[in-house]
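A.B. asks: Sequence plus predicted model, see below.
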Amino acid sequence: MQKQVNLKLTKRQLLWKEMKKNKHNYVLMAPYVILFLTFTIIPVFMSLGISFTYFNLLESPRFIGLDNYTKLLLEDDVFIIALKNTLILAVVTGPVSYLLAFVFAWLINELKPKLRAFMTLIFYAPSISGNAFLIWLLIFSGDVHGYANAILMNLGFIDNPILWLKNPDYMLFVIILVQLWLSLGVSFLAFIAGLQSVDKTLYEAGAIDGIRNRWQELWFITLPSMKPQLLFGAVMQITTSLAIAEVSMQLVGFPSIQYAGHTIVTHLIDYGSTRFDLGYASAIATLLFLIMMTTNIVVRSILRKVGE
Amino acid sequence: MNSIIENIKNRKYRKKKRINRSKAGDITLFAILLLFGAFSAFPLIMTASNAFKPLDELFLFPPRLLPRNITFDNFRDLSELMSNSWIPFTRYFFNTILITVLGTFGHVLIASMAAYPLAKYKFPGRTLIFTLVVYSLMFAPQVTATPNYIIISRLGLIDNPAAIILPAIASSLGLYLMKQFMEQIPNELIESAKIDGASEYRIFFTIVMPLVKPAWLTLIILLFQRLWITDGGSFIFSEELKPVSYALRQIAQGTIERAGTIAAVSFIMMIVPVTFFIFSQSRIVETFSHSGMK
């Protein structure tokens, strides 16, 4: 008994000693950690807490248990539409944008430096050009002057202009296209860099060991060497593809006709900023958070197997 | 002499590198790249060219890729519109610059300070904090929007630029990249400075920080891009504290006669970050090559 207490004490003392020794580390980290906890970590837990209450910002929150969740999952038809749309958008744009980012980075990597820099700019520029994506409003404008309609009519594919942004059948297609156009962002840069840092002598060794074409080279040498960047890129693409909202709101309207462009995040914005039902909005946020974490963990564990 | 040998080696190696390549394959793949490149560039070219088109050409059908008569009318209209508004345009600009400069500078400094211990030392709490940072990369900002509003209003920061700046300083992506980059600094360098009697703080500011300049630039770009387009969200209500992108967006919601002005607005919002990127591209790629997730 006596011994155990002693051991405990020394353990705590050891920890304290260790912490004291690292005082400067804590001092250096303090400003960041305080801000990070205040604006990122605490809000996540607050959101979880608020999701069990009725809260409209004016009165103090009132605990209502799982009501928000049961309403969300069982009674809210619009949420089901939003969930379905989000999953469609994520399942299409997530993997496709990830593959595109990788394939383009890989193709660009074989070019000469000047051309490589130019092509990098061309593919990366959409993601940083602010609201330039509004040009798609002109491209998919519903009259004969919309570029897409004009081209399709000139080629004889259609007789009448298509109401791209008003017809529920086409909205998701337009959002997917624009989202893909925007999607070569941070992960694309990470892939380019990853490809450049692959040890070049590996390719020579590979050629001697019987690797015959660029596809084998890709699978056996390139991909395994840049696993860290692949994981990083996956996290970024998954998060973006599950949080689509801005493009939908700007292009097809908010709320969109028949909610055909509605996503989990636009639903969240609807309840959070328009209706001020913050408890309900937090329940939506919590569900979104769970979906994102699960997807990330699953995809990361799959990606770890690349090249094995 | 040495450099000549080096050259010969390189040439040999360059030949070897092409060993697994076929001409036909090269051409096909390059064609694919060009096709998608055109898809990627077309909307941007249209955005830029519309900004320089006179009104009659904007509505010309079929639309022209490049303007025939280049005009600066759209930009003149924009500045006129801005000067007639209640708040002078320069005020919006000042707000954006204040937010962007303070937010970016604060992030580079504070994230680097936190990244150094995470990259170089083992101490109690290190794993916990880094795990939290990695996981926070995985959630969308919308998840924390509601509580953030409550926290910021409790802190009395509504209608204060700090409401935008402080959360930006705590961005997890920047810290993450900086930490991965700092891990590449040889430990011997830090050890030898310690033997020479330098304090930890001195080591950080005079040895580590100058070595990670490319990473700074990446952080600057990432934060700049984010803050440049901020419209103040739900944190800044007072008109004279609104950033420029809010003002420009208000104009862009105008009617059809404003089509030219809208094009000019889009062009301005686009050209600044893109130019910034062009000048810093190589350094950014350098940083990302050290940034993996293990």
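C.D. replies: Yes, it's here.
A.B. asks: Wasn't A:L58 part of a strand?
C.D. replies: No. Applying DSSP: H, G, I helix; E, B strand; the rest coil, one finds A:L58 to be coil, outside a strand.
A.B. asks: so how far is A:W181 from it?
C.D. replies: Going from A:L58 to A:W181 by CB to CB, to the nearest Å gives 42 Å. Heads up, the C-betas are built off the backbone N, CA and C, glycines and all.
A.B. asks: ok, those two, which is more surrounded?
C.D. replies: Ranked by neighbour count (other CB atoms under 10 Å in any protein chain shown), A:L58 and A:W181 place A:W181 first, with 20 against 6.
A.B. asks: ok, that one - contacts?
C.D. replies: Going by CB atoms under 8 Å, 6 or more residues apart in numbering or on different chains, A:W181 touches A:P126, A:F133, A:W136, B:F39, B:S40, B:P43.
A.B. asks: Averaged over its residues, which helix or strand of the chain has the lowest pLDDT?
C.D. replies: Reading this off chain A. helix A:2-21 (a mean of 74; mean pLDDT, DSSP states H and E).
A.B. asks: Which strands and helices lie in contact with the helix or strand following it?
C.D. replies: Using DSSP states H and E, the helix or strand that follows helix A:2-21 in sequence is helix A:23-36. Applying 3 or more CB pairs under 8 Å, 6 or more residues apart in numbering or on different chains; DSSP states H and E, one finds that helix A:23-36 contacts helix B:89-120, helix B:126-136, helix B:162-169, helix B:172-182, helix B:200-202.
A.B. asks: now those helices in TSV, with distance to chain A and mean pLDDT?
C.D. replies: Listed next are the helices and strands packed on helix A:23-36 as TSV, based on distance: least, CB to the nearest CB, whole Å; pLDDT from 0 to 100:
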stretch	distance to chain A	mean pLDDT
helix B:89-120	4	92
helix B:126-136	5	92
helix B:162-169	4	93
helix B:172-182	7	92
helix B:200-202	4	89
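A.B. asks: Tell me, how many residues neighbour B:W86?
C.D. replies: Using other CB under 10 Å, the number of residues around B:W86 comes to 7.
A.B. asks: B:A247 too?
C.D. replies: Residues within reach of B:A247, counting by other CB under 10 Å, total 23.
A.B. asks: same deal with A:L99?
C.D. replies: Neighbour count for A:L99, taken as other CB under 10 Å: 11.
A.B. asks: can you tell me how far it sits from B:V143?
C.D. replies: Distance, A:L99 to B:V143, using CB to CB: 26 Å.
A.B. asks: so what's B:P54 closest to, chain neighbours aside?
C.D. replies: Among residues not flanking B:P54 along the chain, B:T71 sits closest, at 4.7 Å (CB to CB, 6 or more residues apart in numbering or on different chains).
A.B. asks: how close does that neighbour get to A:I139?
C.D. replies: According to CB to CB, B:T71 and A:I139 sit 23 Å apart.
A.B. asks: before we move on, the earlier item: which of the contacts of A:W181 are buried?
C.D. replies: Among the contacts of A:W181, those scoring as buried are A:P126, A:F133, A:W136, B:S40, B:P43 (criterion: 16 or more other CB atoms under 10 Å in any protein chain shown).
A.B. asks: show me the contacts for the first one.
C.D. replies: Residues in contact with A:P126 (CB under 8 Å, 6+ apart) are A:A132, A:F133, A:W181, A:L182, A:L184, B:S40, B:P43, B:L44.
A.B. asks: And the furthest pair within those residues?
C.D. replies: A:A132 and A:L184 (14.2 Å; CB to CB).
A.B. asks: Looking at these two, which is more packed in?
C.D. replies: Shown here are A:A132 and A:L184; by other CB under 10 Å, A:L184 has more neighbours (25 against 22).
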